[in-house]
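**Student:** would you be able to build a 3D model of this:
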Amino acid sequence: MSKIKIAIAGVGNCAASLIQGFEYYKSLANSKKKQADSFGLMNYEMGGYLPEEIEVVAAFDIDKRKVGERFDVALNAKPNCVLSLWSEIPKSKVMVEMGPVLDGFSEHMGDYPEDRTFVLSSKKPSNVEKILKDTGAEILLNYLPVGSQKATEFYAEACLKTGTSFINCIPVFIVSDPIWAKRFEEKRIPVIGDDIKAQVGATIVHRTLTKLFSDRGVKIDRTYQLNTGGNTDFLNMLNRTRLKSKKISKTAAVQSQLPTPLEEDNIHIGPSDYVPWQNDNKVCYLRMEGRGFAGFPVNLELRLSVEDSPNSAGCAIDAIRACRIARDRKIGGPLISISAYTMKHPPKQIPDTEAKDLVKKFVQGTCPR
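**Tutor:** Model prediction:
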(Lines give C-alpha, C1' and ligand atoms only; values in the text may rest on other atoms or scores of the structure.)
Protein backbone atom coordinates (compact mmCIF):
# COMPACT_ATOMS: atom_id res chain seq x y z
CA MET A 1 0.00 0.00 0.00
CA SER A 2 1.17 3.57 -0.59
CA LYS A 3 3.01 5.45 2.15
CA ILE A 4 1.01 7.64 4.53
CA LYS A 5 2.59 11.07 4.14
CA ILE A 6 2.45 13.23 7.27
CA ALA A 7 3.66 16.65 8.37
CA ILE A 8 4.47 17.48 11.99
CA ALA A 9 4.05 20.81 13.76
CA GLY A 10 6.32 20.78 16.81
CA VAL A 11 9.53 18.72 16.66
CA GLY A 12 9.62 17.91 20.36
CA ASN A 13 9.70 14.80 22.51
CA CYS A 14 6.40 13.44 21.19
CA ALA A 15 7.66 13.62 17.61
CA ALA A 16 10.99 12.05 18.61
CA SER A 17 9.25 9.12 20.31
CA LEU A 18 6.90 8.59 17.38
CA ILE A 19 9.73 8.48 14.83
CA GLN A 20 11.82 6.15 16.98
CA GLY A 21 8.76 3.91 17.11
CA PHE A 22 8.47 3.88 13.32
CA GLU A 23 12.08 2.70 13.09
CA TYR A 24 11.56 0.10 15.81
CA TYR A 25 8.61 -1.51 14.06
CA LYS A 26 10.33 -1.25 10.70
CA SER A 27 13.27 -3.23 12.10
CA LEU A 28 10.85 -5.86 13.42
CA ALA A 29 9.13 -6.11 10.06
CA ASN A 30 12.49 -6.76 8.41
CA SER A 31 13.45 -9.41 10.95
CA LYS A 32 12.21 -12.91 11.68
CA LYS A 33 10.63 -11.86 14.98
CA LYS A 34 7.11 -11.78 13.60
CA GLN A 35 5.68 -12.99 16.89
CA ALA A 36 6.84 -9.72 18.48
CA ASP A 37 5.39 -7.44 15.80
CA SER A 38 2.46 -6.28 17.91
CA PHE A 39 4.48 -5.60 21.07
CA GLY A 40 3.61 -2.18 22.47
CA LEU A 41 0.83 -1.42 19.97
CA MET A 42 -2.92 -1.37 20.37
CA ASN A 43 -3.16 -2.38 16.69
CA TYR A 44 -0.25 -3.65 14.60
CA GLU A 45 -2.22 -3.61 11.35
CA MET A 46 -5.11 -1.24 10.59
CA GLY A 47 -6.95 -1.52 7.30
CA GLY A 48 -3.86 -2.96 5.67
CA TYR A 49 -1.58 -0.21 6.98
CA LEU A 50 1.44 -1.09 9.12
CA PRO A 51 3.40 1.31 11.38
CA GLU A 52 6.42 1.39 9.09
CA GLU A 53 4.32 2.71 6.19
CA ILE A 54 4.08 6.19 7.73
CA GLU A 55 6.48 8.74 6.23
CA VAL A 56 7.26 12.25 7.48
CA VAL A 57 7.47 14.64 4.51
CA ALA A 58 7.43 18.02 6.31
CA ALA A 59 8.15 19.41 9.78
CA PHE A 60 7.76 22.80 11.46
CA ASP A 61 9.24 24.28 14.63
CA ILE A 62 10.29 27.65 16.06
CA ASP A 63 13.47 26.71 18.00
CA LYS A 64 16.68 27.94 16.37
CA ARG A 65 18.41 24.63 17.16
CA LYS A 66 15.85 22.79 15.03
CA VAL A 67 14.79 25.20 12.28
CA GLY A 68 16.91 24.67 9.16
CA GLU A 69 18.28 21.35 10.42
CA ARG A 70 17.63 17.89 9.02
CA PHE A 71 14.60 16.37 10.69
CA ASP A 72 16.58 13.52 12.28
CA VAL A 73 19.11 16.01 13.72
CA ALA A 74 16.36 18.23 15.09
CA LEU A 75 14.72 15.28 16.85
CA ASN A 76 17.87 14.89 18.96
CA ALA A 77 18.37 18.62 19.63
CA LYS A 78 17.82 20.22 23.01
CA PRO A 79 15.54 20.63 24.85
CA ASN A 80 14.31 17.18 23.72
CA CYS A 81 15.01 14.65 26.43
CA VAL A 82 13.16 11.51 25.39
CA LEU A 83 14.88 8.21 26.14
CA SER A 84 16.67 6.63 23.17
CA LEU A 85 15.88 2.96 23.65
CA TRP A 86 15.20 1.96 20.04
CA SER A 87 16.83 2.02 16.63
CA GLU A 88 18.86 5.00 15.51
CA ILE A 89 16.95 7.37 13.26
CA PRO A 90 18.35 7.35 9.71
CA LYS A 91 19.28 10.52 7.86
CA SER A 92 16.19 12.39 6.70
CA LYS A 93 15.64 14.32 3.49
CA VAL A 94 13.23 16.62 5.34
CA MET A 95 14.48 19.98 6.62
CA VAL A 96 12.66 21.56 9.57
CA GLU A 97 10.85 24.71 8.45
CA MET A 98 10.18 27.82 10.52
CA GLY A 99 6.58 27.88 11.68
CA PRO A 100 4.51 30.84 12.83
CA VAL A 101 5.32 31.88 16.41
CA LEU A 102 2.02 33.50 17.45
CA ASP A 103 1.24 32.09 20.93
CA GLY A 104 3.36 28.96 20.50
CA PHE A 105 5.98 30.37 22.85
CA SER A 106 5.42 31.42 26.47
CA GLU A 107 7.60 34.31 27.65
CA HIS A 108 8.42 32.68 31.00
CA MET A 109 10.39 30.00 29.13
CA GLY A 110 13.18 32.55 28.70
CA ASP A 111 13.84 32.46 32.45
CA TYR A 112 15.28 28.93 32.33
CA PRO A 113 18.60 27.49 31.07
CA GLU A 114 18.75 27.09 27.29
CA ASP A 115 19.20 23.32 27.43
CA ARG A 116 15.84 23.02 29.25
CA THR A 117 13.72 25.37 27.17
CA PHE A 118 13.02 26.92 23.76
CA VAL A 119 15.50 29.21 22.03
CA LEU A 120 13.32 31.21 19.68
CA SER A 121 14.53 31.40 16.07
CA SER A 122 14.70 34.79 14.34
CA LYS A 123 13.98 33.30 10.90
CA LYS A 124 10.97 34.38 8.86
CA PRO A 125 8.05 31.91 9.00
CA SER A 126 7.76 29.59 6.00
CA ASN A 127 4.73 29.34 3.73
CA VAL A 128 3.02 26.42 5.47
CA GLU A 129 0.29 25.98 2.84
CA LYS A 130 2.83 25.80 0.00
CA ILE A 131 4.95 23.26 1.87
CA LEU A 132 1.94 21.05 2.58
CA LYS A 133 1.00 21.14 -1.10
CA ASP A 134 4.52 20.66 -2.47
CA THR A 135 5.33 17.71 -0.20
CA GLY A 136 1.99 15.98 -0.74
CA ALA A 137 1.34 15.82 3.01
CA GLU A 138 -2.00 14.10 3.63
CA ILE A 139 -2.11 14.60 7.40
CA LEU A 140 -0.72 17.27 9.73
CA LEU A 141 0.01 16.11 13.27
CA ASN A 142 -0.21 18.96 15.79
CA TYR A 143 2.33 18.67 18.63
CA LEU A 144 2.54 22.36 19.59
CA PRO A 145 2.88 23.38 23.26
CA VAL A 146 -0.21 23.48 25.48
CA GLY A 147 -1.90 26.87 25.23
CA SER A 148 -1.04 27.47 21.57
CA GLN A 149 -4.56 28.53 20.59
CA LYS A 150 -3.72 30.94 17.77
CA ALA A 151 -0.88 28.81 16.38
CA THR A 152 -3.09 25.72 16.34
CA GLU A 153 -5.85 27.64 14.57
CA PHE A 154 -3.28 28.81 12.00
CA TYR A 155 -2.31 25.22 11.14
CA ALA A 156 -5.98 24.15 11.10
CA GLU A 157 -6.70 26.93 8.57
CA ALA A 158 -3.76 25.80 6.45
CA CYS A 159 -5.20 22.27 6.43
CA LEU A 160 -8.62 23.55 5.35
CA LYS A 161 -7.06 25.45 2.47
CA THR A 162 -4.92 22.55 1.26
CA GLY A 163 -7.21 19.58 1.90
CA THR A 164 -4.83 18.20 4.53
CA SER A 165 -6.26 16.20 7.42
CA PHE A 166 -5.61 17.54 10.92
CA ILE A 167 -4.84 15.35 13.95
CA ASN A 168 -4.90 17.64 16.97
CA CYS A 169 -2.86 16.14 19.81
CA ILE A 170 -3.08 19.16 22.14
CA PRO A 171 -5.88 20.64 24.27
CA VAL A 172 -7.01 23.39 21.91
CA PHE A 173 -10.54 22.64 20.84
CA ILE A 174 -10.73 22.28 17.07
CA VAL A 175 -12.24 18.89 16.22
CA SER A 176 -14.57 19.04 19.23
CA ASP A 177 -15.66 22.59 18.36
CA PRO A 178 -18.88 22.48 16.26
CA ILE A 179 -17.88 25.45 14.08
CA TRP A 180 -14.46 24.05 13.16
CA ALA A 181 -15.91 20.55 12.79
CA LYS A 182 -18.52 21.78 10.33
CA ARG A 183 -15.89 23.54 8.23
CA PHE A 184 -13.84 20.35 7.88
CA GLU A 185 -16.96 18.32 7.13
CA GLU A 186 -18.03 20.74 4.41
CA LYS A 187 -14.58 20.36 2.82
CA ARG A 188 -14.81 16.56 3.26
CA ILE A 189 -11.51 16.49 5.15
CA PRO A 190 -11.26 13.86 7.93
CA VAL A 191 -9.95 15.16 11.28
CA ILE A 192 -9.18 13.63 14.68
CA GLY A 193 -8.93 15.34 18.09
CA ASP A 194 -8.61 16.89 20.59
CA ASP A 195 -5.83 16.30 23.17
CA ILE A 196 -4.23 12.90 22.78
CA LYS A 197 -4.50 10.19 25.43
CA ALA A 198 -1.68 7.93 26.48
CA GLN A 199 -1.79 4.16 26.06
CA VAL A 200 -1.60 3.74 29.83
CA GLY A 201 -1.39 7.23 31.31
CA ALA A 202 -2.84 9.29 34.13
CA THR A 203 -6.13 10.15 32.41
CA ILE A 204 -6.91 6.71 30.97
CA VAL A 205 -6.19 5.08 34.35
CA HIS A 206 -8.31 7.68 36.16
CA ARG A 207 -11.15 7.17 33.64
CA THR A 208 -10.99 3.39 34.03
CA LEU A 209 -11.02 3.48 37.81
CA THR A 210 -13.87 6.01 37.80
CA LYS A 211 -15.90 3.69 35.58
CA LEU A 212 -15.01 0.75 37.83
CA PHE A 213 -16.20 2.58 40.96
CA SER A 214 -19.42 3.59 39.21
CA ASP A 215 -20.12 0.14 37.73
CA ARG A 216 -19.55 -1.51 41.12
CA GLY A 217 -21.96 0.81 42.90
CA VAL A 218 -19.39 2.95 44.74
CA LYS A 219 -20.36 6.62 45.01
CA ILE A 220 -17.31 8.82 44.36
CA ASP A 221 -17.28 11.88 46.65
CA ARG A 222 -14.04 13.50 45.54
CA THR A 223 -10.92 12.81 43.53
CA TYR A 224 -7.67 14.41 42.44
CA GLN A 225 -4.95 13.73 39.90
CA LEU A 226 -1.61 15.49 40.31
CA ASN A 227 1.08 15.14 37.65
CA THR A 228 4.77 16.08 37.70
CA GLY A 229 7.37 15.91 34.94
CA GLY A 230 10.59 17.45 33.68
CA ASN A 231 10.11 17.92 29.94
CA THR A 232 9.28 21.19 28.16
CA ASP A 233 5.58 20.33 28.26
CA PHE A 234 5.61 20.62 32.05
CA LEU A 235 7.86 23.67 31.96
CA ASN A 236 5.49 25.37 29.52
CA MET A 237 2.53 24.58 31.79
CA LEU A 238 4.03 26.52 34.70
CA ASN A 239 2.30 29.45 33.01
CA ARG A 240 -1.17 28.74 34.39
CA THR A 241 -2.82 31.08 31.89
CA ARG A 242 -2.10 28.46 29.21
CA LEU A 243 -3.90 25.68 31.10
CA LYS A 244 -7.60 26.53 30.76
CA SER A 245 -8.32 24.12 27.89
CA LYS A 246 -5.98 21.48 29.35
CA LYS A 247 -7.88 21.35 32.65
CA ILE A 248 -11.23 21.28 30.86
CA SER A 249 -10.07 18.45 28.63
CA LYS A 250 -8.63 16.24 31.37
CA THR A 251 -11.51 16.89 33.77
CA ALA A 252 -14.19 16.20 31.14
CA ALA A 253 -12.47 12.91 30.26
CA VAL A 254 -13.01 11.67 33.83
CA GLN A 255 -16.37 13.33 34.51
CA SER A 256 -17.80 11.64 31.40
CA GLN A 257 -17.50 8.26 33.14
CA LEU A 258 -19.86 9.29 35.95
CA PRO A 259 -23.68 9.17 35.84
CA THR A 260 -23.70 12.49 37.71
CA PRO A 261 -20.66 14.80 37.43
CA LEU A 262 -18.88 15.80 40.62
CA GLU A 263 -19.10 19.35 41.90
CA GLU A 264 -16.18 21.50 40.76
CA ASP A 265 -14.67 21.69 44.26
CA ASN A 266 -14.60 17.88 44.53
CA ILE A 267 -12.51 17.12 41.46
CA HIS A 268 -9.04 18.42 40.63
CA ILE A 269 -7.16 17.15 37.59
CA GLY A 270 -4.17 18.86 36.10
CA PRO A 271 -0.42 19.45 36.03
CA SER A 272 1.08 19.99 39.46
CA ASP A 273 4.72 20.95 39.01
CA TYR A 274 7.87 20.90 36.91
CA VAL A 275 10.70 18.74 38.27
CA PRO A 276 13.72 19.15 35.94
CA TRP A 277 15.52 15.92 36.78
CA GLN A 278 12.45 13.86 35.86
CA ASN A 279 13.06 14.73 32.18
CA ASP A 280 10.45 12.89 30.07
CA ASN A 281 9.33 10.79 33.02
CA LYS A 282 5.82 11.67 34.21
CA VAL A 283 4.58 10.75 37.67
CA CYS A 284 0.89 10.77 38.51
CA TYR A 285 -0.49 10.82 42.05
CA LEU A 286 -4.14 9.86 42.14
CA ARG A 287 -6.60 9.72 45.04
CA MET A 288 -10.25 8.71 44.94
CA GLU A 289 -12.61 8.84 47.93
CA GLY A 290 -15.95 7.10 47.79
CA ARG A 291 -18.66 5.24 49.67
CA GLY A 292 -19.65 1.63 49.04
CA PHE A 293 -22.09 -0.76 50.69
CA ALA A 294 -24.16 0.97 53.39
CA GLY A 295 -21.97 4.07 53.08
CA PHE A 296 -18.73 2.43 54.20
CA PRO A 297 -15.66 4.32 52.92
CA VAL A 298 -13.68 3.15 49.90
CA ASN A 299 -10.46 5.12 49.34
CA LEU A 300 -7.84 4.53 46.66
CA GLU A 301 -4.36 5.99 46.23
CA LEU A 302 -2.15 5.27 43.23
CA ARG A 303 1.25 6.32 41.90
CA LEU A 304 1.89 5.84 38.18
CA SER A 305 5.27 6.45 36.54
CA VAL A 306 5.60 6.46 32.74
CA GLU A 307 7.79 7.86 29.98
CA ASP A 308 5.43 10.58 28.84
CA SER A 309 6.11 10.99 25.11
CA PRO A 310 6.27 7.33 23.96
CA ASN A 311 3.04 6.76 25.90
CA SER A 312 1.10 9.07 23.57
CA ALA A 313 2.89 7.85 20.42
CA GLY A 314 1.09 4.52 20.71
CA CYS A 315 -2.22 6.35 20.23
CA ALA A 316 -0.94 8.72 17.53
CA ILE A 317 0.13 5.81 15.32
CA ASP A 318 -3.44 4.47 15.31
CA ALA A 319 -4.95 7.91 14.75
CA ILE A 320 -2.73 8.45 11.69
CA ARG A 321 -3.75 5.16 10.09
CA ALA A 322 -7.45 5.62 10.86
CA CYS A 323 -7.24 9.05 9.25
CA ARG A 324 -5.70 7.56 6.10
CA ILE A 325 -8.47 4.95 5.95
CA ALA A 326 -11.04 7.77 6.10
CA ARG A 327 -9.24 9.61 3.31
CA ASP A 328 -9.23 6.43 1.20
CA ARG A 329 -13.00 6.20 1.70
CA LYS A 330 -13.50 9.95 1.13
CA ILE A 331 -15.05 10.43 4.57
CA GLY A 332 -14.94 14.02 5.84
CA GLY A 333 -15.30 15.76 9.20
CA PRO A 334 -14.55 14.52 12.72
CA LEU A 335 -13.90 10.79 13.02
CA ILE A 336 -15.98 9.92 16.10
CA SER A 337 -14.74 6.43 16.96
CA ILE A 338 -10.97 6.96 16.74
CA SER A 339 -11.27 10.39 18.39
CA ALA A 340 -13.10 8.85 21.35
CA TYR A 341 -10.52 6.05 21.51
CA THR A 342 -7.35 8.14 21.29
CA MET A 343 -8.31 11.65 22.50
CA LYS A 344 -9.27 13.14 25.88
CA HIS A 345 -11.69 15.73 24.48
CA PRO A 346 -13.32 14.14 21.41
CA PRO A 347 -16.50 15.44 19.75
CA LYS A 348 -18.36 12.65 21.58
CA GLN A 349 -17.22 10.98 24.80
CA ILE A 350 -17.58 7.18 24.58
CA PRO A 351 -16.46 4.60 27.19
CA ASP A 352 -13.05 3.26 26.18
CA THR A 353 -14.06 -0.39 25.70
CA GLU A 354 -16.98 0.68 23.51
CA ALA A 355 -14.77 3.09 21.57
CA LYS A 356 -12.30 0.26 20.92
CA ASP A 357 -15.06 -1.86 19.39
CA LEU A 358 -16.25 1.06 17.27
CA VAL A 359 -12.73 1.60 15.92
CA LYS A 360 -12.58 -2.05 14.92
CA LYS A 361 -15.92 -1.70 13.12
CA PHE A 362 -14.74 1.50 11.45
CA VAL A 363 -11.64 -0.24 10.11
CA GLN A 364 -13.81 -3.11 8.86
CA GLY A 365 -16.18 -0.62 7.21
CA THR A 366 -19.26 -1.39 9.31
CA CYS A 367 -19.12 1.87 11.31
CA PRO A 368 -19.29 5.02 9.15
CA ARG A 369 -16.82 7.09 11.17
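**Student:** how about the strands in this protein?
**Tutor:** Under the criterion DSSP state E, the chain carries strands at the ranges 4-9, 54-61, 96-98, 139-142, 165-168, 190-192, 219-229, 267-274, 281-291, 297-307, 333-334.
**Student:** among those strands, which is the most enclosed?
**Tutor:** strand 190-192 (a mean of 30; mean count of other Cβ atoms under 10 Å). C-beta here means a position set from N, CA and C on the backbone, and glycine is covered the same way.
**Student:** output the contacting helices and strands for it.
**Tutor:** Packed against strand 190-192 by the contact rule (3 or more Cβ pairs under 8 Å, 6 or more residues apart in numbering; DSSP states H and E) you find strand 165-168, helix 178-186, helix 308-328, strand 333-334, helix 336-342.
**Student:** name the helices or strands packed onto the first one?
**Tutor:** Other helices and strands packing on strand 165-168, by 3+ Cβ pairs under 8 Å, 6+ apart, are strand 139-142, helix 149-162, strand 190-192, helix 308-328.
**Student:** for these, which one ends up most surrounded?
**Tutor:** strand 190-192 (a mean of 30).
**Student:** mean confidence for it?
**Tutor:** Strand 190-192 carries an average pLDDT of 98.
**Student:** try stretch 45-57
**Tutor:** On average, stretch 45-57 scores 93.
**Student:** other residues contacting that stretch?
**Tutor:** 1, 3-8, 19, 21-22, 25-26, 29, 41, 44, 71, 92, 94, 135-137, 317-318, 320-322, 324-325, 328, 363 (Cβ atoms under 8 Å, 6 or more residues apart in numbering).
**Student:** nearest to residue 98, of the helices and strands packed on strand 190-192?
**Tutor:** Comparing the helices and strands packed on strand 190-192 against residue 98 with Cβ to Cβ, the closest turns out to be strand 165-168 (20.0 Å).
**Student:** give me the contacts around the closest one.
**Tutor:** Against strand 165-168 from outside (Cβ under 8 Å, 6+ apart): 138-142, 152, 155-156, 159, 174-175, 184, 189-195, 316, 319-320, 323, 326-327, 343.
**Student:** what residue of the protein is the furthest out?
**Tutor:** residue 294 (41.2 Å; Cα atoms, centre = their mean).
**Student:** tell me how far it lies from residue 244.
**Tutor:** Separation of residue 294 from residue 244 (Cβ to Cβ, to the nearest Å): 40 Å.
**Student:** name the nearest residue to residue 304, sequence neighbours excluded.
**Tutor:** With sequence-adjacent residues excluded and distances taken as Cβ to Cβ, 6 or more residues apart in numbering, residue 304 is closest to residue 284, at 4.3 Å.
**Student:** could you measure from that neighbour over to residue 246?
**Tutor:** 15 Å.
**Student:** and residue 360, by the same measure?
**Tutor:** Residue 360 sits at a distance of 30 Å from residue 246 (criterion: Cβ to Cβ).
**Student:** so those two - more neighbours on which side?
**Tutor:** residue 246 (23 against 15; other Cβ atoms under 10 Å).
**Student:** what sits closest to the more buried one if chain neighbours are left out?
**Tutor:** Of all residues not flanking residue 246 in the chain, residue 171 sits nearest, at 4.4 Å (Cβ to Cβ, 6+ apart).
**Student:** so the one you found touches residue 345, yeah?
**Tutor:** Yes. Assessed by Cβ atoms under 8 Å, residue 171 is found in contact with residue 345 at 6.5 Å.
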